[in-house]
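Chemist: Predicted model and sequence follow; I will ask about them next.
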Amino acid sequence: MQKETIFSGGSVMFNKLFTKRFCLFMLFLIVMIFGLFCCEEEKKKDDNHNNDQPPAQAEITIRSEPDPVPFYGDNNDYHYWAFSFIVEEKAGVGASILEWNCDMYSNDGSLLTSATHTVDEFIQWFDDCDQNTGHINPNGSFCCATFAYLSKNHETGWYAIDKMKFRDDNGNEFWSEGKFTFLPIQ
């Protein structure tokens, strides 16, 4: 009979130990499931919050190289300044050009001339960086090796303001502008 009592007692101890471990395991599972559920709710809140943010906008810079632009030379009727005209996207969002305006001023701020260029003209001129459309890729650039010229009677320095309107890949429309400084004839 003692063997049965020991067996019974051992069986009861086994059941108590099993029950404790089983309860701890179940408690662990409940905590894990609750924790995962809470994390999912937080993730959903974060996802919804991110959707409330406006889409990123392209960031376009317009510049010359060199800056300022030195005098290059003459022909019979004009003074010339040679430079590279560079348009760069910096925010990782592509954009398409919609409009391009250029105003040229003497150093005293007097307007010398104005011009509006078409998108087709832009595409023809800005093909030196292997671009053949009016769309600038994310972190991409357009460039154009070009000349600016003024009549021979203008020998002091001057500047130009180029303004370009874009629509980026996220649908944002905006203007960017660059100022080009042209040095006096030396």
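Modeler: Sure thing, it's come through. Note that this is a predicted model, so its numbers are computed, not measured.

Chemist: what about E99, neighbour count?
Modeler: Per other Cβ atoms under 10 Å, the neighbour tally for E99 reads 15. Any C-beta I mention is one placed from the backbone N, CA and C, and that applies to glycine too.

Chemist: and it, what does it touch?
Modeler: Neighbour list for E99: T116, V119, M164, K165 [criterion: Cβ atoms under 8 Å, 6 or more residues apart in numbering].

Chemist: Likewise for D162?
Modeler: Applying Cβ under 8 Å, 6+ apart to D162 gives the contacts I62, F85, W100, N101, C102, E177, G178, F180.

Chemist: Check whether S114 really touches C102, as I assumed.
Modeler: Yes: here S114 reaches C102: they are 7.0 Å apart, a contact under Cβ atoms under 8 Å.

Chemist: Show me where this protein dips below the pLDDT cut-off.
Modeler: Applying pLDDT under 70 to the chain flags the ranges 1-55, 130-131.

Chemist: in the helix or strand where W175 lies, what counts as buried?
Modeler: Secondary structure from DSSP states H and E places W175 in strand 173-182. By neighbour count on 16 or more other Cβ atoms under 10 Å, the buried set for strand 173-182 is S176, G178, F180, F182.

Chemist: Including distance to W158, could those go into TSV?
Modeler: Below are these laid out as TSV (distance: Cβ to Cβ, whole Å):
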residue	distance to W158
S176	21
G178	15
F180	9
F182	5
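
Chemist: For the protein, which segments count as strands?
Modeler: 60-65, 71-74, 78-89, 95-106, 111-117, 135-136, 141-151, 158-168, 173-182 (DSSP state E).

Chemist: now the angle between strand 95-106 and the last one, please.
Modeler: Compare the direction of strand 173-182 with that of strand 95-106 by axes from the mean of the first three to the mean of the last three Cα atoms, to 10 degrees and you get 40 degrees.
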